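1. compute the structure for the input listed below.
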Amino acid sequence: MSLVLDSGAASALGRRDRQTAARIAALRQRGLWPPILPAVVLIDSLTGNRVRDALVNRTVALSVVHPLEGSLARRAAQLRGRARAGSAVEACVVATAELLGALVITGNPGELARLSHHADGVSLLPT
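-> So this is what the prediction gives:
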């Protein structure tokens, strides 16, 4: 199984502290590492400022970036329309997880839960 990150998780997993290191070790042990980072999460998470982007860039360096293709964008739009919730980025995160049969790690379970309710086989893992 794979792990897809949303924007909050991308920042959280970039921290260099014991708690985060333990979390990453646990994800590795479960076979959920390296994580998958949808390309749209980069747009949502990065500012272009090297200092502000440091946490996310640490995670990007450890992740597999998944591209946004037309069919994935259409599925995300469909999920967003059915759920009547979430941002376009959140919908792309859930659509990516659905495509790959992956878990989503998130700091925003409310909106993603509404979206994942309309997706096949997507489960959430809070940060």
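
2. quote the end-to-end distance of stretch 82-89.
-> 15 Å (Cα to Cα, to the nearest Å).

3. what residues are bridge-paired with the most centrally placed residue in the chain?
-> For the chain, the residue nearest the mean C-alpha position is L5 (2.1 Å; Cα atoms, centre = their mean). For L5, the beta-bridge assignment (DSSP bridges) gives partners I105.

4. ok, and what's touching stretch 35-50?
-> Here stretch 35-50 makes contact (Cβ atoms under 8 Å, 6 or more residues apart in numbering) with 2-7, 9-11, 13, 27, 53, 56-57, 59-60, 62-68, 87-89, 92-93, 96, 100, 102, 105. Glycine gets a C-beta too; all of them are placed from N, C-alpha and C.

5. now the buried members of these.
-> Among the contacts of stretch 35-50, those scoring as buried are 2-7, 9-11, 13, 27, 53, 56-57, 59-60, 63, 66, 68, 89, 92-93, 96, 100, 102, 105 (criterion: 16 or more other Cβ atoms under 10 Å).

6. out of those, which sit inside helices?
-> Among the buried ones among the contacts of stretch 35-50, DSSP state H puts 7, 9-11, 27, 56-57, 59-60, 89, 92-93, 96, 100 in helices.
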